[in-house]
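The following comprises the amino acid sequence and a computationally predicted model.
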Amino acid sequence: MNTKEKIFPRKTAPEKSARMVETIYGCKWSLTVYQLLANNINRPGEMVKSVDGLSTKVLNQCLKKNLEFGILNKINYPEIPPRVEYEVTEFGQKFMRILDDIEKLQNEIDA
């Protein structure tokens with residue numbers, strides 16, 4: 001019999017991903033933006049027109065957070081007038097699957 005006890009290091013939450021989930025869920029519009037993008041509404045003006053209560057200022061703050069985390073990508077078209085579109089990155093698709101799993105878990109808790 002081995003007399004040495006196994007010592008396990010303290011496990012901590014993944015700091016960056018936990019902050020990212022908290023920030024995205026803290027922004028009440030991020031999930032709505034993802035829903036719009038899934039429905040091919042990818043221009044800011046269209047987004048604002050498609051959702052009651054969503055202002056351009058709040059949308060821009062939401063989009064900025066998502067760009068910083070690498071969830072969305074901004075496409076600038078060199079046209080006059082300028083045109084901007086947003087798309088979900090490959091990383092963003094992975095992240096959204098995690099959010100879907102969290103929503104399923106919440107539905108199980110609520111049931």
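Happy to help now that I have it.

neighbouring contacts of stretch 65-76?
For stretch 65-76, the external contacting residues (CB atoms under 8 Å, 6 or more residues apart in numbering) are 20, 23-24, 27, 30, 33, 37, 63, 82-89, 91-92, 95-96. Quick note: C-beta positions are derived from backbone N, CA and C, even for glycine.

Please list all residues in contact with Thr23.
So Thr23 contacts 65, 69 (CB under 8 Å, 6+ apart).

pLDDT at it, what is it?
As predicted, Thr23 sits at a pLDDT of 87.

element containing it?
Assigned by DSSP states H and E, Thr23 belongs to helix 15-26.

going on from that helix, what's the next piece of helix or strand?
helix 30-38.

what's the next secondary structure element after that following helix?
helix 44-50.

For that following helix, buried residues please.
44, 47-48 (16 or more other CB atoms under 10 Å).

other SSEs contacting that helix?
helix 30-38, helix 56-69 (3 or more CB pairs under 8 Å, 6 or more residues apart in numbering; DSSP states H and E).
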